[in-house]
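*Asks:* Next come a sequence and a model predicted from it.
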Amino acid sequence: KAGVTQTPRYLIKTRGQQVTLSCSPISGHRSVSWYQQTPGQGLQFLFEYFSETQRNKGNFPGRFSGRQFSNSRSEMNVSTLELGDSALYLCASSLAGAGVYGYTFGSGTRLTVV
Amino acid sequence: KQEVTQIPAALSVPEGENLVLNCSFTDSAIYNLQWFRQDPGKGLTSLLLIQSSQREQTSGRLNASLDKSSGRSTLYIAASQPGDSATYLCAVRLPYAGNMLTFGGGTRLMVKP
């Protein structure tokens, strides 16, 4: 079965612009989470959506937002881009919200802000 | 606040060696622990998931153990191969933190032919 699909794979944006990243979870998975990975900070949790509702949010500024659609696909938006937003953005999906399920990650979107 | 530490940060071994990667966490009240592999510039590939009630999980040449009371997990790789070269990450999931995973910094493994 298809895995977690993230688009686009690579993005180059200019400071001040905004960007939208997309994530399609594994079919049947209702939980989608987003993570930011940088060399300095490692992997940091952004937010999690379950059945179109944001259930948990990490410690990121309000410029980072997301949403989930009825088909469980999720988008993440970053407004007013800063150089420090350059990172690999990873999406992960899980079958449900219960703790017994592990996560499956996508290949990520590499965002470069210049 | 849960902290996850992986030691060593980098490891280089000759092909064929058995090796152990370590992961420690400060809060033992975890739901589960998951080991991932990450190749350069790529996403994460799940290797093993251990529930809090389990002591170990095995998949092929990989064996992961969990000792909640001491806040430790180890990933054992038998008969290492150059294709095992990657960064290995452990992550814990806490019952009071929703479905957020807390990651360690990773161990970068190089297996030399």
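*Replies:* Ah, there it is. These figures come from a predicted structure and were not determined experimentally.

*Asks:* What ranges does chain A have for its strands?
*Replies:* A:5-7, A:10-13, A:19-24, A:31-38, A:42-50, A:53-57, A:64-68, A:74-78, A:87-94, A:104-105, A:109-113 (DSSP state E).

*Asks:* Point out the most buried one among those.
*Replies:* Greatest average neighbour count among the strands of chain A goes to strand A:87-94 (a mean of 25), per mean count of other Cβ atoms under 10 Å in any protein chain shown. For the C-beta atoms, the positions are set from N, CA and C on the backbone; glycine is no exception.

*Asks:* between it and strand A:31-38, how big is the angle?
*Replies:* Interaxial angle, strand A:87-94 versus strand A:31-38 (axes from the mean of the first three to the mean of the last three Cα atoms, to 10 degrees): 160 degrees.

*Asks:* The worst-scoring helix or strand of chain A on mean pLDDT vs chain B: in contact?
*Replies:* When the helices and strands of chain A are compared on mean pLDDT, DSSP states H and E, strand A:53-57 comes out lowest with a mean of 90. Yes. Under the criterion of Cβ under 8 Å from any Cβ of the partner chain, chain B is reached by strand A:53-57 at A:Arg55, A:Asn56.

*Asks:* Given that strand, what are its sheet partners and their directions?
*Replies:* Paired neighbours of strand A:53-57 in the sheet (DSSP bridges): strand A:42-50 (antiparallel).

*Asks:* any residues touching the partner strand, and which ones?
*Replies:* A:30-38, A:54-60, A:64, A:66-68, A:74, A:76, A:89-90, A:97, B:89, B:91, B:98-106 (Cβ atoms under 8 Å, 6 or more residues apart in numbering or on different chains).
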